[in-house]
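Enquirer: predicted model follows, preceded by the sequence.
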Amino acid sequence: MPMATYFTLIFVALLLLMLGLKYWLALRQIRHVAAHADAVPAQFADRVSLDAHRKAASYTIAKQRLGLIEATVGAALLIALTLLGGIDLIADRLAQLVGRGFAFQILIVAAVVVVTALVDLPFEWYRQFSLEQRYGFNRMTPRLFLIDLAKSVVLAVVLGLPLLAVVLWLMEKAGAWWWFYAWLVWAGFSLLILVLYPTLIAPLFNKFEPLKDATLAERVQQLLSRTGFSSRGVFVMDGSRRSSHGNAYFTGLGRAKRVVFFDTLVQRLSAPQIEAVLAHELGHFKLRHITKRLLVTFASSLALLALLGWLANQAWFYAGLGVTPALDARNDGLALVLFMLVLPVFTFVLAPLASLFSRKHEFEADAFAARHASAADLVAALVKLYEDNAATLTPDPVHSAFYDSHPPATIRIERLLGAAG
Ligand SMILES: [Zn+2]
């Protein structure tokens, strides 16, 4: 059997494995959540109403069902683009229009990105205006949805297109080590985005104001000086423009780093609870979680680009994925876009590792918060967050171990209460 046939078989087998795993995990989650929908777990019984608990179950199940449809459509689209000849068809049309030169390399990547984004768009619309709407979370108007979409497209063109052009240029001109130079460019670009995101990109979508509640200011100031964090780094964002979900997150790098609270969260929490959540986010900074995550990303992207450097020269890589490479022209764009499309199929089984890593960081940030603020206040804030977001308190353990970036509510709160002693 030729190498290309082996590669096709491996690709199809892994795609089916991925789809099977996604179905199995989603059905486990649906069954587990439904089975526990009629009783609030004992440790939450005095804080979460049965109505809220049932709403969380129903919301979780609805999201899982939508996820199943999305996964199925995603797999079908992948097969249509690769083995069923979609990319070949687009490439032929493009070659007739612009030939097989540098413009072709850029346009073939852009065309496939546009096709996948167009397939994704109805799901985004449905999620916002049907699913989120039904559970009372949507605050977006169709107008705002379209404005956001237009801004995202402009950002993708302004930031993504030049990066793509540089990488394709390196593939063509930089010789056997192109992938190393491309990695340097990509790493520099990522760092630049991290620095620019809080001050230039995020404000395109939301308003950010310093946290300036008078009763809070004193507590926050004390916490910041206790932990050695710049006092200009705490902001409130108008998340309520789009959704009533509440959250807090940290972002940026170096002097651009920020902790951001959604206005919806600030309204719901007491001053000591906000302090506890802030302490958790500061924990992520102090424990260098951003740096560690960056190092892992940089190391794995170097390995992946080296792999692409090798695959781009293998005829079976194209043929095995149903794509006919040009014999008398370069195939850089094809190699790049095929690699981006099929990579998730090959890395899906690694998802639990990333989740494990992330949950470890969450436990560490919780422990930091328990040391520098009140564990009991963080627990109270978390309970409100779970309730406001209709996040399930009773996830299936296997589903949670596979996907969840945050530990399950019961385990997380047990540990915090243990710390509170
Ligand atoms: Zn966290």
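Expert: Great, that's in hand.
Enquirer: how many residues are close by Thr82?
Expert: Thr82 has 23 neighbours, counted by other CB atoms under 10 Å. (C-beta placed from N, C-alpha, C; glycine too.)
Enquirer: oh, and call the first residue 10 from now on, that's how I've got it
Expert: From this message on, residue numbering opens at 10, which makes the last subject Thr91.
Enquirer: how much space separates it from Asn256?
Expert: 37 Å (CB to CB, to the nearest Å).
Enquirer: cool, and Leu205?
Expert: Taking CB to CB, one finds Leu205 at 22 Å from Asn256.
Enquirer: helices or strands next to the helix or strand containing Val124 in the packing?
Expert: Counting by DSSP states H and E, the element that carries Val124 is helix 111-135. Judged by 3 or more CB pairs under 8 Å, 6 or more residues apart in numbering; DSSP states H and E, the packing partners of helix 111-135 are helix 59-90, helix 95-107, helix 151-164, helix 170-182, helix 341-356.
Enquirer: in which helix or strand does Ala48 reside?
Expert: Following DSSP H and E, there is no helix or strand that holds Ala48.
Enquirer: let me see the contact set for it.
Expert: Ala48 makes contact with 59, 62, according to CB atoms under 8 Å, 6 or more residues apart in numbering.
Enquirer: up against the ion, what does this protein have?
Expert: Counting by CB under 5 Å from the ion, the chain comes close to the ion at 371, 374.
Enquirer: quick one, phi/psi of His94?
Expert: Rather than His, residue 94 is Gly. phi 90, psi 10 (degrees, to the nearest 10).
Enquirer: that one touches Gly331, doesn't it?
Expert: Yes - with contact taken as CB atoms under 8 Å, Gly94 and Gly331 are classed as touching, separated by 6.0 Å.
Enquirer: those two - which one has more neighbours?
Expert: Gly331 (20 against 15).
Enquirer: surely that one touches Ala100?
Expert: No - the pair Gly331 / Ala100 is not scored as a contact, 11.4 Å apart, by CB under 8 Å.
Enquirer: how about the strands in the stretch 260-409 of the chain?
Expert: Counting by DSSP state E, counting those that start in this stretch, the stretch 260-409 of the chain has strands at residues 267-271.
Enquirer: helices of that one, start to end?
Expert: Using DSSP state H, counting those that start in this stretch, the helices found in the stretch 260-409 of the chain span residues 272-277, 280-295, 298-320, 324-329, 341-356, 360-381, 384-397, 406-412.
Enquirer: poorly predicted segments of the stretch 260-409 of the chain, please.
Expert: Regions of the stretch 260-409 of the chain meeting the criterion pLDDT under 70 are absent.
Enquirer: ok, 90 please
Expert: Within the stretch 260-409 of the chain, the stretches with pLDDT under 90 are 260-270, 273-277, 280, 294-295, 299-300, 336-337, 396-397.
Enquirer: how about the helices of the stretch 260-409 of the chain in JSON lines, adding mean neighbour count?
Expert: Putting the helices of the stretch 260-409 of the chain into JSON lines (neighbours: other CB atoms under 10 Å) gives the following:
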{"stretch": "helix 272-277", "mean neighbour count": "18"}
{"stretch": "helix 280-295", "mean neighbour count": "23"}
{"stretch": "helix 298-320", "mean neighbour count": "15"}
{"stretch": "helix 324-329", "mean neighbour count": "19"}
{"stretch": "helix 341-356", "mean neighbour count": "20"}
{"stretch": "helix 360-381", "mean neighbour count": "17"}
{"stretch": "helix 384-397", "mean neighbour count": "21"}
{"stretch": "helix 406-412", "mean neighbour count": "17"}
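Enquirer: which helix or strand lies directly C-terminal to the helix holding Val124?
Expert: helix 142-143.
Enquirer: distance from the chain centre to that next one, please.
Expert: Put simply, helix 142-143 sits 23 Å off its chain's centre (CA atoms, centre = their mean, to the nearest Å).
Enquirer: what do you get for stretch 33-45?
Expert: 23 Å.
Enquirer: buried sites along that stretch?
Expert: For stretch 33-45, the neighbour count (16 or more other CB atoms under 10 Å) marks 34-35, 37-39, 41-42, 45 as buried.
Enquirer: for stretch 128-145, same thing?
Expert: 128, 132, 136-137, 140-141, 144.
Enquirer: who touches that stretch?
Expert: 64, 67-68, 71-72, 75, 78-79, 82-83, 86, 147, 149, 151, 154, 158, 252-253, 399.
Enquirer: do stretch 238-255 as well
Expert: Identification of contacts with stretch 238-255 by CB under 8 Å, 6+ apart yields 141, 145-149, 153, 211, 215-220, 229-230, 233-234, 256, 264, 266-275, 277, 287, 291, 294-295, 393-394, 397-398.
Enquirer: flag the shaky bits of the stretch 10-159 of the chain, pLDDT-wise.
Expert: In the stretch 10-159 of the chain, residues with pLDDT under 90: 10-11, 51-56.
Enquirer: what about the residue nearest to Leu30 when sequence neighbours are not counted, distance to the ion?
Expert: Among residues not flanking Leu30 along the chain, Phe357 sits closest, at 7.2 Å (CB to CB, 6 or more residues apart in numbering). Noted for Phe357: a distance of 24 Å to the ion, by CB to the ion, to the nearest Å.
Enquirer: what's around Phe357, how many residues?
Expert: 17.
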